[in-house]
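J.: Sequence plus predicted model, see below.
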Amino acid sequence: MERKQGEVDHLERPSPLTDKERVMIQDSWGKVYQNCDDAGVAILVRLFVNFPSSKQYFSQFKHIEDAEELEKSSQLRKHAHRVMNAINTLVESLDNSDKVSSVLKAVGKAHAVRHKVDPVYFKILSGVILEVLGEAYPQVMTAEVASAWTKLLAILCCSINAVYEELGWPHLSTSTG
């Protein structure tokens with residue numbers, strides 16, 4: 001069944017992370033986060049090159065087609081830094097479900113209400129994150145670690161979709177207040 005733009009996917013919520021999965025995610029993230037700016041830029045550039053429709057939400061660089069030019073964009077670099085810091089907060093807070101929930105609610109609400117981002121892009125971004133980290137950190141992203149990250153990103157997508165649903169997506173008012 002084809003999904004219409006604006007529909008929120010109803011994903012089955014994955015089981016919670018095990019202690020072992022949390023540790024694997026946190027250990028692997030420690031290695032990735034040492035190069036957070038480069039990793040973040042690589043993730044966003046891959047997203048925008050492979051899924052150009054995702055650039056529609058970024059007036060500062062939505063018309064840039066060239067990957068090298070995208071990499072140089074200060075606005076893209078700033079957003080990549082924010083994305084990586086949000087992931088870092090989540091990973092550091094995996095033992096605190098209230099903090100994780102709070103961060104995901106804030107991210108979901110901002111992207112739904114203020115930026116009007118279709119929630120499907122979180123699912124797309126999750127796939128890009130896994131792809132880029134697997135290529136850039138093959139010694140870190142073993143099959144077992146990648147499986148734990150897949151589960152974490154599925155939890156993230158489900159949580160953000162739930163925020164969108166609570167907000168009445170796609171029937172959000174056009175006001176930003």
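T.: Happy to help now that I have it.

J.: Tell me the buried residues in stretch 124-138?
T.: Applying a neighbour-count criterion of 16 or more other Cβ atoms under 10 Å, one finds 124, 125, 126, 128, 129, 130, 132, 133, 134, 137 buried in stretch 124-138. The C-beta positions use only the backbone N, C-alpha and C, and glycine is treated the same way.

J.: Surely the second one is in contact with residue 47?
T.: Yes - under the criterion of Cβ atoms under 8 Å, residue 125 makes contact with residue 47 at 5.9 Å.

J.: what is in contact with the two at once?
T.: residue 54 (Cβ atoms under 8 Å, 6 or more residues apart in numbering).

J.: And for the longest helix seen in the chain, what's in contact with it?
T.: In the chain, with assignment by DSSP state H, the single longest helix is helix 143-166. For helix 143-166, contacts defined as Cβ under 8 Å, 6+ apart pick out 8-17, 20-22, 24-25, 28, 90, 94, 100-101, 104-105, 107-109, 111-112, 119, 122-123, 126, 129-130, 133-134, 141.

J.: Determine how far that helix lies from the middle of the whole chain.
T.: 9 Å (Cα atoms, centre = their mean, to the nearest Å).

J.: Give the closest residue to residue 119 in space, chain neighbours not counted.
T.: Spatially, and ignoring its direct neighbours in sequence, residue 119 is nearest to residue 164 (4.8 Å; Cβ to Cβ, 6 or more residues apart in numbering).

J.: Could you turn the buried ones of the contacts of helix 143-166 into a ChimeraX selection?
T.: This is how ChimeraX selects the buried members of the contacts of helix 143-166, with burial counted by 16+ other Cβ under 10 Å:
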select :8,17,21,22,24,25,28,90,94,100,104,107,108,111,112,119,122,123,126,129,130,133,134,141
